[in-house]
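*Asks:* No sequence on hand, only this structure:
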């Protein structure tokens, strides 16, 4: 058997919790002071194994993080910390140079807590989400879009509800 075992059936799911305890060597660096040697099974400063992080990221595609936190008996802020790390890393690699049509809409779950969602209509993929529903959300999207489109000269077909505009981005 390995360090990680999972048993499943139709009615129950059992996960074996594994803790790795290791005395990690420390090194003295003239520039950075005392540093702990990086281990191959964890991201520096995470406190979780890479396997655990990848499992949580996969779960987060399908479940609210609060639910996952209860499942794994961890505080959700610890999970959000590494989820944000990987989302930011993945978003930095996004390329919007092929985006030609976007759709933008706002929604709220309870009361007046709105979010604005922007989707690439051709690829049928969400490319941006931000809090609010006012003109600053469009500015935040434009700045994000420019950061991900090297040339920022894309002709965009913008669909907003029943209003459709063809706009040339400068």
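*Replies:* That came through, no problem. Bear in mind that the values here come from a model prediction, so they are computed numbers and not experimental data. Residues are numbered from 1 along each chain as shown.
*Asks:* now the helices for the protein?
*Replies:* Per DSSP state H, the chain carries helices over the ranges 50-60, 65-72, 76-92, 135-148.
*Asks:* Put together CSV for these, with mean pLDDT, distance to residue 28 and mean neighbour count on each row.
*Replies:* C-betas here are computed from N, CA, C, even on glycine. Formatted as CSV, the helices of the chain follow (pLDDT from 0 to 100; distance: least, Cβ to Cβ, whole Å; neighbours: other Cβ atoms under 10 Å):
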stretch, mean pLDDT, distance to residue 28, mean neighbour count
helix 50-60, 92, 27, 16
helix 65-72, 93, 36, 14
helix 76-92, 93, 28, 14
helix 135-148, 85, 39, 15
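*Asks:* Output these in TSV; the columns should cover distance to residue 39.
*Replies:* Formatted as TSV, the helices of the chain follow (distance: least, Cβ to Cβ, whole Å):
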stretch	distance to residue 39
helix 50-60	10
helix 65-72	21
helix 76-92	16
helix 135-148	33
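*Asks:* Of the ones you listed, which is nearest residue 31?
*Replies:* Closest of these to residue 31 is helix 76-92, at 24.4 Å (criterion: Cβ to Cβ).
*Asks:* What helices and strands are in contact with that closest one?
*Replies:* Packing contacts for helix 76-92, counted by 3 or more Cβ pairs under 8 Å, 6 or more residues apart in numbering; DSSP states H and E, involve helix 50-60, helix 65-72.
*Asks:* Including distance to residue 79, could those go into TSV?
*Replies:* Formatted as TSV, the helices and strands packed on helix 76-92 follow (distance: least, Cβ to Cβ, whole Å):
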stretch	distance to residue 79
helix 50-60	6
helix 65-72	6
